[in-house]
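> whatever this is, show me its structure:
(one chain, ligands or ions: 1)
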Amino acid sequence: MNKTKSLKFIADCHLGKLAKYLRMMGFDTLFFNSIDDDELIALSAQEERIILTRDKLLHENKTSNTFYLHSINHLEQLRELNRAFLIKNKREKPRCILCNVTLKEINKKEILDQLPKKVVKYFDFFEVCSKCGRVYWHGSHFKRMMNTIESI
Ligand SMILES: [Zn+2]
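Below you'll find the model as predicted:
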């Protein structure tokens, strides 16, 4: 058995939007609003995570495993990552965009009282984050994100 290891990332500050997309694509992606370079490098080494950054100094630091992103636009950043790592073909089960926890399917009946009426009417497939309890369905926001991912 030679299962290829899943890609794991840690996104530098200012890459919050990219981190959300990577989580939607199922990649284990850490993101902190503020973290210093030493901590970032330590976490990356401990957990075998690729550091995503737009910081040239950090990228040139030989002790760190970084991928330098040229673009400031999240769509272009996803394309850069796809060219380097073929992320579009390696997608896994979606994760909560806030917690990075893999979503679990949940029966509509169990969450009826949490859902807006229109959602109850039009949607039947739901997933939930076991950490924050946020419920996901394939509504317009979800579809927009998925269309963006498809377009890379
Ligand atoms: Zn969550």
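
> in three-state terms, label the residue nearest the centre of the chain for me.
Geometric centre of the chain, nearest residue: R23, 1.9 Å, by CA atoms, centre = their mean. Under the three-state scheme (DSSP: H, G, I helix; E, B strand; the rest coil), R23 adopts helix.

> wait, what's in contact with it?
The contact partners of R23, taken as CB atoms under 8 Å, 6 or more residues apart in numbering, are 29, 94-97, 100. Placement of C-beta: from N, CA and C, glycine included.

> am I right that S130 is in a strand?
No. Counting by three-state DSSP, S130 falls outside a strand, being coil.

> isn't it right up against V101?
Yes. S130 is within contact range of V101, at 5.9 Å (criterion: CB atoms under 8 Å).

> between the two, which is the more surrounded one?
V101 (16 against 12; other CB atoms under 10 Å).

> quick one, phi psi at that one?
phi -100, psi 140 (degrees, to the nearest 10).

> ditto for the one 10 residues further on
Summarising the backbone geometry of I111 under the convention degrees, to the nearest 10, its torsions are phi -130, psi 10.

> contacts for stretch 38-45, please.
So stretch 38-45 is contacted by 10, 12, 30, 49-51, 58, 61, 63-66 (CB under 8 Å, 6+ apart).
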